[in-house]
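S.K.: dropping the sequence and predicted coords here.
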Amino acid sequence: MRGPREVPILQIEQLAVAYATRHGDVAAVRDVSFEIHRAQTFGIVGESGCGKSTVAFGMVNFLGRNGRITGGRILFQGQDLVKRSELELRKLRGDRIAMVYQDPMQALNPAMTLGDQMAEVLIVHRSMKRSAAMERCKQMLERVYMPDPASVMRRYPHQISGGQQQRIVIAMALLNDPALLIMDEPTTALDVTVEAAVLDLINDLQNEFDTAIMYISHNLGVIARVSDEIGVMYAGEMVERADVKDIFARPSHPYTLGLLRCIPRLDTTKRSTTLQPIRGRVPSPTALPPGCIFEPRCPFARPACSHQPIPMREIQPGHWARCLYAEEILEHKDDLSDDMVNIIIGVAPKTDNGGPILRVKEAKTYYPVASKQIIGGQKQYVKAVDNVSMEAMPGRTLGIVGESGCGKSTLVKTIIGLEKLSGGEIEFMGMDISTPVSKRSEALIKDLQMVFQNPDSTLNPSFSVGYQIARPLRRFKTVPRNQVRDEVIRLLNMMRLGENYYGRLPRQLSGGEKQRVAIARAIAAQPKLVLCDEPVSALDVSVQAAVLNLLLEIQQQLGTTMVFIAHDLSVVRFFCDHLAVMYLGQIAEIGPAEAIYLPPYHPYTEALLSAVPIPDPSAEQKHIRLGGSVPSALNPPTGCRFHTRCPRRAMLPDGGAICEREDPPAQFDTDQHRIYCHIPLEELRKMEAVVTIEKEGPHVG
Amino acid sequence: MSALSGGTKTAEKRPSRLRRLWGGFSIILESRVGTIGLCIIVFWVLVAIFAPLLAPRDPLSQDSDAINKGSSEQYLLGTDQLGRDILSRLIFGTRTILVLAPLSVLASVTVGTILGLTAGYFGGLVDEVVMRLLDAIMAFPTILLYLIIIAAIGPSAVNVVIAITFVGTPGIARLVRSLTLDIRTRDYIRAAQTRGEHPLYIMFVEILPNVRGPLIIDALLRVGYAIFAIGTLGFLGLGLPPPTPDWGGMVAEARKFIWTAPLNVLWPILAITSLVVGLNLFADGLREETTRYQ
Amino acid sequence: MFRFILRRLGFMLLTMFLVSVVIFLVSEVAPGDVARHILGQFATDDQVKLLRQQMGLEQPLYVRYFDWLVGNEWRLRNKVDMPLVYTKARPKDEIQWWAEESDGTLVQWKYKTSSGSLEQIRIAPDDSREVVDFEGWKTRDDGSQYFWGVDTAGHVVLWVKNVEGAGSGPAAAGRSLGTSGGQEYYPLKKGLLRGDPGISLRTNRPVGPTLARRLRNSFSLALIAFLLIMPIALALGILAGLREGSALDRSISLFSLITTSVPEFASGVFLILVLSFWLDLLPGASVFVDDTAPLQQPKLIILPVLTLTLAEVGYVARMTRASMVEVMNAPYIRTAILKGLPYRRIVFRHALRNALMAPITVIMLHVNWLVGGIVVVEAVFGYPGLGLYMLDSALFKDVNAIEAGAMVMVALAVGTQLIADIIYTFLNPRIRFT
């Protein structure tokens, strides 16, 4: 693909970036070196705060008022960018070097038409006439498969969907045929099926344009899919760099290994494996350890590690690692070093006697919306949840997956009573709980608790951790008044936080710690059912593993039933016993977790599974992509709600006319596994598995 | 907070609260502008406290031999048209203004916070009714509202406080409401709701403490506005009835004699200007430093 | 978008309605008796009672509110049995209430204390005036004779033959009412909404024309100030916002903070002290001959305008700066920079429009503040504008003038907000296309 003697498009040598703060310079990025060749994609992966975005913005010397490059060289097509004047950089930006950003909505000017925003790149850099520039933009939009480009160009950013916005940004970046394209988490804000389509687009374009791409992501699956070569960053340093297959097959830095071991994968469940969280937390850039930066958290650390900074070294041709013992790491991969060893996963307490603890029957949650007419007009409803039926078994976990807007959060809020049920019924332990929380009895309220998504808003910033955990204890009189403090400390210990967290305020905690406190608060009153609304999706993967383990442990010890919402199919697969797949307010498929991941599939489940980025370059995935975007829940499609996008409709005679007319029937694969689809089960059973992961070979975790 | 969380915690909370207080204080000192503002405020507060000690003579006693006289050994800043000592009147005027202004702001903060919390938390019809009423009040140019109210109830210290409270309340209610609307969507409020907490508990225990920061800064700015307003009302003859020493009134009186005793008008102007500027500098410094701190 | 504007218009009407209620309640229900205030403390209780009746104060509150708002002659004409008109009988007369006969002759009635009977003032369509004795009394069942008519001071009055009313109080207070001897009085009102704010208690002349003149004067002052303030303030704000954190930014911010903090009366008097007393450059007080044409003496309005400008520039500049800073830190400006656009293009094409969106509404809201400043500035300089009129009326408790003036001021303030909202929708495509 590339000649060895060809000059790389981008060559970074020992780049260092610092930010000036009140307490002096903070070195945000140190000693980062890599190169990218023509038509090659270099992926940078790391958790939040590791400096990967700083590297990206450092390329174009756009580091804000207080940031600056303090060392190293950035050779772009052989020329050093570091000492370039602002004017020279300006001429490169948007022309030779283009960028794509994380949040396309924010990145586009809300007050300019999309056409104007695109065309000005050509007008400024190519001195094109406006009409010619517009024409060229239109062609480019066609190349990124934008439907109806001419009308899109007359629109404003808020008038198109997130996936389309990102297509616009990508098209804009490619207008001048740049030599280097920097993509900073371009799909992070997008849903998984949209993400898959955008990733496909990036692949196509790369083949077509010969551009060198620097691709930044926190998601190992995405990085595995797009990259040729990968650099792993940790705390401002690149700790490992190698070919994509090499990294996943032979991780040679303990951090890389740690990352791979702490993410659940599509083929793993809590019965087959444990997640290994990385202990401790990322060091603050103002207080870095003297030796290896990962040494304080490293399970393999030896005395020599803490003496002096470790240099990057080439352990095999093309495989670099910043570890003294890189060659030995792989041998130790099975040494379980963490204190989580004692959890014996897979033996869920047998409490299956009797029926489900929670039964949702034909639940509907509608929101009225203001009518478009000024007076009169018919009242319209957003049908956030429409005719959903499901059950949760005691002591088990029911997972709900679906893309944003599918109604999974609304469903859970309706169960807990934060939203009003518009129809149907919900039964909990034989009692009717169709009422909002304010009308429920204290005993009922106590038995249903919730863990929320956003760690930064789950705790009241004004009160100490101790007070917030103690509140439910006092309110529900779980323990006598004088034992509240002891009980809180017991809970803190159970969360592996310890007594000294009692008086801390939320702002002194990290995201994972906040989420643990929130879990402690939820289980303090010993509820029977805990509803978890994406409790780990805002956390870094290493922290996510610890929180998942904690939830598993709680379920083991207390036999708590859980309802677990997530959009990450790997997490759900790992964590849940049963699964419901939701689309546009309805259930597409529900059943035991392992059954969901194997045929027969609902066509939507199949598409979802095909879109999941898998952190294993050797995995094989069927290629199924959904067209269009999710219709509005205000006016959902008739019949099967998925019919507008269903790639499998053609399997039906007459092209699936029935899908538009009639609601899909529930088809029982087994008595627990139902699929709501018009396509006969026999047909669905004939589908192949979407994902095949080689069981042999180097398998980490 | 400690009252709610029981006795065991108060002991270990105390040092941290002191430290937090100092933390907040040191934040202000980080800003030069804020520090200057603070110094001006402290100066005037001290003047108000020690007014009887500092003032050379009775602010009300008239000396018919010294009418509109300039500065002299006997009268440091001269005398006014009734032969009263301007310095003493200035010093005692501090007391009037530094009592009335914070008092009226306190009153409007109390009323405004309750209205804003209620409207913001319950939303819907309650919100609609409360906010429409407040909008109606806010539609008035402030001075006009003062004119109408004072014309209706007559000028007096209490009525000035009532008028300023009335005028200030909608702004605070709006601020608290918008903060409440934001906080209401936070997960910790949802958590409290799923615990079945009473709306009053959620409003006053869960939300109110988190409104505190912006509210304090706003209140500080409003003390400045209140002083501004008291001065203006005094100047327009709608403030405190004479002979109470009142800076605005002093300007209005001296304004008539500007051609004979020009400096008489200058002193009260300097006094009121420095105090309002000081408060605004302080509030601004505080706001800047707290946002930077976050 | 039209829906949005209509909604705002609806809110504006609602607000104005609430405002009128507030104004009416605050000024009418206020402690203290207006009639007593007018007559002074030596008037007898009977005199006060009569005046209260003549002013309509004895009627229920809601009746008074609607009379004030929409007038009452269409209701009272049933008593008189003739159309009632508010007009100048002859070109040189003052505007007055008349009953109109079918041939267009205007009539009023006057009570003759000496004889206890009525005489009729008649003005024919050809402007000829005559006074005749009136004998059109009506007879009740008990034999007493009565008549409902219009008196010379704009009341519908019930007279009873040979029975005198509650004395002749108002005449004693020097008011033009004269003795009227009626039994019941209803003051005629055309209503604020129909352009008649009533009679000023202070000058005893219709409020309307004075108000209009004063409003025009204030408007000229405000307009000059506004035209001066906006460019300066926006320029300062944008400059400071573009150079966030620089020395220029800090100086502009500090200057704005200080100038906005200084009360207008302080800066106004200070400017007089410096510019006219010490430097002797400008006249210190606006000595306006009357309130008809203040702009003919341009030198006199320099100081008022300067004072207003000083007070307002800082505020607008601060708002603009804050908005500019926010926009310049927005991700889409980062995009524009990384697209390699020249700085000017980034500022003018990408930043300005977004940055001006937020302050426009705030600036327009600030018109309230500007109005406040105008009241004070007019008081300081004796400028014959609406503000000074309001102040004088407030000091005199001239309820009619206060109510009318307040409604006008609020309508202006709310109206500018509406305009601001409309401008905002045009600037902001997110509202324009939804």
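M.R.: That came through fine.

S.K.: can you map out the strands along the stretch 101-250 of chain C?
M.R.: Using DSSP state E, counting those that start in this stretch, the strands of the stretch 101-250 of chain C run over C:106-112, C:117-123, C:129-133, C:138-139, C:145-150, C:155-160, C:184-187.

S.K.: next, format those as TSV and append mean pLDDT and distance to chain B.
M.R.: Any C-beta I mention is one placed from the backbone N, CA and C, and that applies to glycine too. Listed next are the strands of the stretch 101-250 of chain C as TSV, based on pLDDT from 0 to 100; distance: least, CB to the nearest CB, whole Å:
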stretch	mean pLDDT	distance to chain B
strand C:106-112	81	33
strand C:117-123	81	36
strand C:129-133	82	40
strand C:138-139	80	42
strand C:145-150	81	31
strand C:155-160	79	25
strand C:184-187	80	20
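
S.K.: can you put those in a markdown table and add distance to chain A and mean neighbour count?
M.R.: Output for the strands of the stretch 101-250 of chain C, formatted as a markdown table (distance: least, CB to the nearest CB, whole Å; neighbours: other CB atoms under 10 Å in any protein chain shown):
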| stretch | distance to chain A | mean neighbour count |
| --- | --- | --- |
| strand C:106-112 | 45 | 20 |
| strand C:117-123 | 49 | 18 |
| strand C:129-133 | 54 | 11 |
| strand C:138-139 | 49 | 10 |
| strand C:145-150 | 43 | 20 |
| strand C:155-160 | 40 | 22 |
| strand C:184-187 | 38 | 22 |
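
S.K.: closest to A:His307 out of the ones you listed?
M.R.: Among the strands of the stretch 101-250 of chain C, strand C:184-187 comes nearest to A:His307, with 99.2 Å by CB to CB.

S.K.: the closest one packs against which elements?
M.R.: Strand C:184-187 is packed against helix C:45-54, strand C:155-160, with contacts defined by 3 or more CB pairs under 8 Å, 6 or more residues apart in numbering or on different chains; DSSP states H and E.

S.K.: would you turn the ones you listed into JSON lines with distance to C:Asp398?
M.R.: Shown next, in JSON lines, are the helices and strands packed on strand C:184-187 (distance: least, CB to CB, whole Å):
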{"stretch": "helix C:45-54", "distance to C:Asp398": "15"}
{"stretch": "strand C:155-160", "distance to C:Asp398": "19"}
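
S.K.: where in chain C is the helix or strand with the lowest mean pLDDT?
M.R.: Lowest on mean pLDDT, DSSP states H and E among the helices and strands of chain C sits helix C:169-172, with a mean of 40.

S.K.: what's the closest of the helices and strands packed on strand C:184-187 to A:Ser127?
M.R.: strand C:155-160 (80.9 Å).

S.K.: what is that closest one packed up against?
M.R.: Short answer (3+ CB pairs under 8 Å, 6+ apart): strand C:155-160 packs on helix C:73-80, strand C:106-112, strand C:145-150, strand C:184-187.

S.K.: could you dump the ones you listed into a markdown table with distance to A:Leu529 added?
M.R.: Formatted as a markdown table, those follow (distance: least, CB to CB, whole Å):
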| stretch | distance to A:Leu529 |
| --- | --- |
| helix C:73-80 | 68 |
| strand C:106-112 | 85 |
| strand C:145-150 | 79 |
| strand C:184-187 | 72 |
